[in-house]
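Student: Model the structure of this input:
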Amino acid sequence: RWAAPLALALVFCALGPARAAEDPYKAFRPLEKRAMAGDLDAMVSIAAAYQNAEGLPRDPELAARLYCTAANKGHAGAAYAIAWIYARGSTTKRDDDQAAAWFRLAAARGSQPAIGMLKLLHGRAPDLKPVCPFAPPAMTAAIDVPAKLRAMVEKLAPRHRLDPNLVLAFIKVDSDFQGD
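Tutor: Model (predicted):
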């Protein structure tokens, strides 16, 4: 049931730009490969493309999940993007306190625009911990993954220098582990 999505995930990760010409996502394959290998700038670029429907179909929830993954790994721009998701109330309910917490985190990581935003927020919610609006896709330990699929991905993904959890997350988002 999940062999086809697994094969597809591993093929598009491994082959990247060598995909067929009819692939509408062809331009993003190299970025996807870099993102799945841990390149946070590539992950944020893909998130922005999904958020703004720039070459990829609009998927604000997936964009938020990708931003959260990158932010949790230290990317200041991703933290800034999540702050704006909360500030605008796009993708999730507006939450000015969470926006401030994310702006604070982005500013602590050196984001100049976030530093400017904090000046406007006058110390709002100083002790609040930033919380992702959705679980990041790399957090697959809590996702119910068929044992054989997890074992296969954990065996094959490292051979291609890919994070097994991120591969499982892409499969989850793409097919919810259904092979049909």
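Student: Point to the residue nearest the middle of the chain.
Tutor: The centre of the chain sits closest to residue 66, judged by Cα atoms, centre = their mean, with a distance of 1.2 Å.
Student: by contact count, what packs against the helix or strand harbouring that residue?
Tutor: Secondary structure from DSSP states H and E places residue 66 in helix 60-72. Based on contacts counted as 3 or more Cβ pairs under 8 Å, 6 or more residues apart in numbering; DSSP states H and E, the elements that helix 60-72 packs against are helix 40-52, helix 76-88, helix 164-175. All C-beta spots, glycine's among them, are computed from the backbone N, C-alpha and C.
Student: count of residues packed around residue 128?
Tutor: Residue 128: 14 surrounding residues under other Cβ atoms under 10 Å.
Student: Also residue 124?
Tutor: Residue 124: 15 surrounding residues under other Cβ under 10 Å.
Student: Please tell me the pLDDT value assigned to it.
Tutor: Residue 124 carries a pLDDT value of 76.
Student: gap between the nearest residue to it once chain neighbours are set aside and residue 127?
Tutor: For residue 124, the nearest residue in space outside its immediate sequence neighbours is residue 100; the separation is 4.2 Å by Cβ to Cβ, 6 or more residues apart in numbering. Distance, residue 100 to residue 127, by Cβ to Cβ, to the nearest Å: 11 Å.
Student: what about these two, which has more around it?
Tutor: Applying other Cβ under 10 Å to residue 100 and residue 127 shows that residue 100 carries more neighbours, namely 24 against 6.
Student: For that one, what is the enclosing helix or strand?
Tutor: With secondary structure defined by DSSP H and E, residue 100 is part of helix 96-108.
Student: Counting by contacts, list what that helix packs against.
Tutor: The criterion is 3+ Cβ pairs under 8 Å, 6+ apart, and the helices and strands that helix 96-108 contacts are helix 76-88, helix 112-121.
Student: Neighbours of the nearest residue to residue 62 once chain neighbours are set aside, how many?
Tutor: On the basis of Cβ to Cβ, 6+ apart, the spatially nearest residue to residue 62 that is not a chain neighbour turns out to be residue 50, at 5.1 Å. Residue neighbour count, defined by other Cβ under 10 Å, stands at 23 for residue 50.
Student: Test for you: state the pLDDT assigned to residue 50.
Tutor: The predicted structure scores residue 50 at 90 on the pLDDT scale.
Student: where does the chain have low pLDDT?
Tutor: Applying pLDDT under 70 to the chain flags residues 1-24, 135-143, 173, 179-180.
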